[in-house]
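Novice: build me a structure from this.
(chains A and B)
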Amino acid sequence: MKRIYFFLITALLGLIYYTAGSPMEIADRVMVHAVGIDKTTEGYSVTLQVFSPEGGGTEGAFDPTRPNVSLVAAEGSCVSDAVHLCEEKLGGRVFIGQNRIILFGKGVDLSDEDRLFGYFLSSAEAYLNTECAAAENTARELLSIPIPSGALASEKFEEMIASSKERGCAVNCTLMSLLEAMDGGSPDKCVVMPQFSKPKSGSPKDSGDEKKQLTEDSGLLLDKGCIYMDGKRAGELDAKEMGLLGMINGSGDTVYTETEQDGLMLGKTMRISERAVSAEVNGGRIVIRVDCRTVPKDDSFFPDERSRESSDRKAAEKLTRTANELCEKLCLEYSPEAAGADRALRRYLPDLLRSCTGGMGALYGRIELEVTVADRG
Amino acid sequence: MNENSENKRISPYALAALLVMTRLFALSMYVPSRGENAALTAVTGLVISLLKLPLMYGAARLSAKAKRRPMIYGAMTAFAALVFIAVCADAFTDMLESLYPERMTKAAAAIVLILVCIYTASMGIEGTARTACIMLGALAAVMVPILFEMRGSMLTDRLDLFSPAPIAECTRSAGQLLRYFFDPLIFAVLLPYAGGADADKTTVSRAVKPYLIADGLITCVFFLMNAAVMGRFFGQSSYAFFTLSYNTHGSIIDRANGIFTCVSTIGAVLTLSALMLTARDGIKLTGLAVTRGRGFGITACAALAGVAFLAANGVKPAASAPAVSLVFAGFLIAGAAMTALGGHERAKTA
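Specialist: Here you go, the predicted model:
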């Protein structure tokens, strides 16, 4: 019996203590769904895409011309300061836990870790697996594009990345992998991010009554990837090269290629069913081999088995050729780190790495990447 | 407090379950070094689990010989248990404060924690062990889906054992893994409940082996997941347990940091309850308390007063957790060696 009293007293104490404070009401929170970061002379300009339910819909159940988000932007010496200024403008507490995407504008230096990422890392609400992407020009420009489809405008970014990656035409980059690239000890701090841009063609032409016009989908384009070296933009990859990169460095499950069939060039998405990496020292050169096996993701109709096998074989040969061309480009113009050479060295040649006085960077000049893609036969 | 509880026994597997919960707590308090190779830490953890085997058997041996020197044994175990209570309570409230800085003060959280643990421990060894068994099953049912849902975030290519200074890194990881080294203490003092006054080897094996297998497995899985999901970067998020939880993005469970907090809390409550029972038995052995009930009363008052005082005055016993664990391990090894030597001498003269 005494234990019951003790339990009641303890429970009451706990209840009083934990409910005494006033928790933040959801209505007082500002739900951020997308964050855009651009470089300014003073520091950083942060654009927050904020959920604004009162802005969505007028007549009828859903009015796609009235997106349910609003934008707020502020500048500060670091991202954290800029976000706090945004909070002051909005008059509520920013909740970053629902953030879907972080867009980095053209001039942002990713190696400025504390000022750029300090806000996300110090917040217990920040979701560390948030997608990251590059904006062709400014992040604010992309976040300003009204996206009429979907429940949330920012979902479109995630969906486009996922869809392109599934097709073998993009790689994704999460905040955690970005942080690892910048702080993981690799010499070139190389990371590849998908790049969003505005389409070059203009807005839909007026053709009479606006209501009769089909709602055009998002004004976003994802057809390039951006390579960063040491935190700064170093170059671009096209969609096919991004897919190949995913195959080479293991971050992708599919890869896109084009093969000739009956005189026509047909696109084909191949699923990477096997991938093996090995590394060895061969005559002073460090050879990193990536052996993959691919199977078509969606089987096409072929008149006979021989045609199917021929198509698979051609796809594998094309992939081998293009992957090796990409590897050569990466080694010459950028860094073999983009292809996962740093991980391969740590995993397969640790003794060489430890014995090298110049560190990993000194070995990069000796690296050769060889990719072999086999078909399912 | 039921006085008949001293005559009741628990299964050695239940004791193992209680120890697994204490291990979960210790793992949730793990703070990695910057750039630490978690795969290497997993290997170090496996080795430590193996090395714990002779220590646990040594602790069992000490426990069996406690009757020869009850006052010394009782005083040392009670003191060690109370120190570990202060250390663990401080570590847990530190974690709560860092994760939820605006929701609770450390002193109040410490007091409520100790009160809850006093209540849990008042159920006696049977109730505590039963709670541990139930919680273990419940936590496994919750954690396993999370592990499966994190598959998409894992890149096994990140798993390598490379380190520029492997010995130094393994030593540092071992120090962190052994930061809360109270398993042999709890095991030694609570073992009699699992096997009577002189626990035989079979009983000891039934308690030790499942515990060490679970310990090795949990440590291995946790750190390999860290390595596959987060690579070498742990950033400013401090607790690896919670940093990993911020990466959950599954269809069943999205963002598992709340669940991870629950796991850590349950582990903390059961750990502190087990330590309180340990201190209670130690105090009874010294003769300060005639019955276990009075021993428990002294323990509860000492724990509550001590933790509240330390928290209110900004004293951080958790900072000295490695030193405390080291000293305790030293005493354990010395005690086990002396017991073994004494037994050998007696056998020679007999």
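Novice: what helix or strand is B:A207 on?
Specialist: Taking DSSP states H and E as the criterion, the element that holds B:A207 is helix B:201-230.
Novice: what does whichever helix or strand comes after that helix contact?
Specialist: As assigned by DSSP H and E, the chain's next helix or strand after helix B:201-230 is helix B:240-245. By CB atoms under 8 Å, 6 or more residues apart in numbering or on different chains, the surrounding residues in contact with helix B:240-245 are A:124, A:128, B:27-32, B:38, B:99, B:150, B:222, B:225-226, B:229-230, B:234-235, B:237, B:255-257, B:259-261, B:264. C-beta: built from backbone N, CA, C; applies to glycine.
Novice: with just CA atoms, put helix B:240-245 into CSV.
Specialist: What follows is the C-alpha trace of helix B:240-245 in CSV, where atoms were taken according to Å, rounded to 0.1, in the frame of the first residue of the first chain:
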residue,chain,number,x,y,z
ALA,B,240,26.0,8.9,-31.8
PHE,B,241,22.9,7.1,-30.7
PHE,B,242,20.7,10.2,-31.4
THR,B,243,22.6,11.4,-34.4
LEU,B,244,21.8,8.0,-36.0
SER,B,245,18.2,8.5,-35.1
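Novice: and that helix, how far from the chain's centre?
Specialist: In terms of CA atoms, centre = their mean, to the nearest Å, the gap separating the centre of helix B:240-245 from the centre of its chain is 18 Å.
Novice: and that helix, average pLDDT?
Specialist: Across helix B:240-245, pLDDT averages out at 78.
Novice: tell me the helix or strand right after that helix.
Specialist: Using DSSP H and E, the helix or strand that directly follows helix B:240-245 along the chain is helix B:257-286.
Novice: can you map out the helices along chain B?
Specialist: Secondary structure of chain B by DSSP state H: the helices cover B:12-28, B:38-64, B:70-99, B:106-122, B:124-149, B:166-177, B:183-195, B:201-230, B:240-245, B:257-286, B:292-312, B:321-349.
Novice: ok, chain A next?
Specialist: Residue ranges of the helices in chain A, as given by DSSP H, are A:2-20, A:79-90, A:113-122, A:139-143, A:155-167, A:175-183, A:239-249, A:305-333, A:341-348, A:350-355, A:360-363.
Novice: the fourth one: which residues count as buried?
Specialist: If I follow you right, that is helix A:139-143. A:A139, A:R140, A:E141, A:L142, A:L143 (16 or more other CB atoms under 10 Å in any protein chain shown).
Novice: the first one against A:I37, yeah?
Specialist: Yes: using CB atoms under 8 Å, A:A139 is in contact with A:I37, at 5.9 Å.
Novice: now the common contact residues for the two.
Specialist: A:T47, A:L103, A:F104, A:G105.
Novice: out of the residues you listed, who's nearest B:A108?
Specialist: Nearest to B:A108 among the shared contacts of A:A139 and A:I37 is A:T47, at 39.5 Å by CB to CB.
Novice: count the residues that sit near the closest one.
Specialist: Counted by other CB atoms under 10 Å in any protein chain shown, the residues lying close to A:T47 total 25.
Novice: give me the nearest residue to it, chain neighbours excluded.
Specialist: The shortest distance from A:T47 to any non-neighbouring residue, by CB to CB, 6 or more residues apart in numbering or on different chains, is to A:G36 (3.9 Å).
Novice: hey, C-alpha coordinates of stretch B:272-288 in PDB?
Specialist: In PDB, the C-alpha atoms belonging to stretch B:272-288 read as follows (Å, rounded to 0.1, in the frame of the first residue of the first chain):
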ATOM      1  CA  LEU B 272      20.000   2.900 -11.800                       C
ATOM      2  CA  SER B 273      17.500   0.500 -10.200                       C
ATOM      3  CA  ALA B 274      20.000  -2.300 -10.500                       C
ATOM      4  CA  LEU B 275      22.700  -0.200  -9.000                       C
ATOM      5  CA  MET B 276      20.400   0.800  -6.100                       C
ATOM      6  CA  LEU B 277      19.700  -2.900  -5.400                       C
ATOM      7  CA  THR B 278      23.500  -3.400  -5.500                       C
ATOM      8  CA  ALA B 279      24.100  -0.600  -3.100                       C
ATOM      9  CA  ARG B 280      21.300  -1.900  -0.900                       C
ATOM     10  CA  ASP B 281      22.800  -5.400  -0.600                       C
ATOM     11  CA  GLY B 282      26.300  -3.900  -0.100                       C
ATOM     12  CA  ILE B 283      24.900  -1.800   2.800                       C
ATOM     13  CA  LYS B 284      23.200  -4.800   4.400                       C
ATOM     14  CA  LEU B 285      26.500  -6.700   4.200                       C
ATOM     15  CA  THR B 286      28.300  -4.000   6.100                       C
ATOM     16  CA  GLY B 287      25.900  -4.400   8.900                       C
ATOM     17  CA  LEU B 288      24.700  -0.800   8.800                       C
END
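Novice: what comes up buried for stretch A:367-377?
Specialist: Those buried within stretch A:367-377 under the rule 16+ other CB under 10 Å are A:I367, A:E368, A:L369, A:V371, A:V373, A:A374, A:D375, A:R376.
Novice: with stretch B:266-275 instead?
Specialist: Residues of stretch B:266-275 classed as buried: B:I266, B:G267, B:A268, B:V269, B:L270, B:T271, B:L272, B:S273, B:A274, B:L275 (neighbour count, 16+ other CB under 10 Å).
Novice: want to throw the residues you listed into JSON lines with pLDDT and distance to B:V144?
Specialist: Output for those, formatted as JSON lines (pLDDT from 0 to 100; distance: CB to CB, whole Å):
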{"residue": "B:I266", "pLDDT": "93", "distance to B:V144": "16"}
{"residue": "B:G267", "pLDDT": "93", "distance to B:V144": "17"}
{"residue": "B:A268", "pLDDT": "94", "distance to B:V144": "21"}
{"residue": "B:V269", "pLDDT": "94", "distance to B:V144": "22"}
{"residue": "B:L270", "pLDDT": "95", "distance to B:V144": "20"}
{"residue": "B:T271", "pLDDT": "95", "distance to B:V144": "22"}
{"residue": "B:L272", "pLDDT": "94", "distance to B:V144": "26"}
{"residue": "B:S273", "pLDDT": "94", "distance to B:V144": "25"}
{"residue": "B:A274", "pLDDT": "94", "distance to B:V144": "24"}
{"residue": "B:L275", "pLDDT": "93", "distance to B:V144": "28"}
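Novice: about what we covered before: closest one to chain B out of the shared contacts of A:A139 and A:I37, please.
Specialist: A:F104 (17.9 Å; CB to the nearest CB).
Novice: so that closest one makes contact with A:N137?
Specialist: No: using CB under 8 Å as the test, A:F104 is too far from A:N137 to be in contact (11.4 Å).
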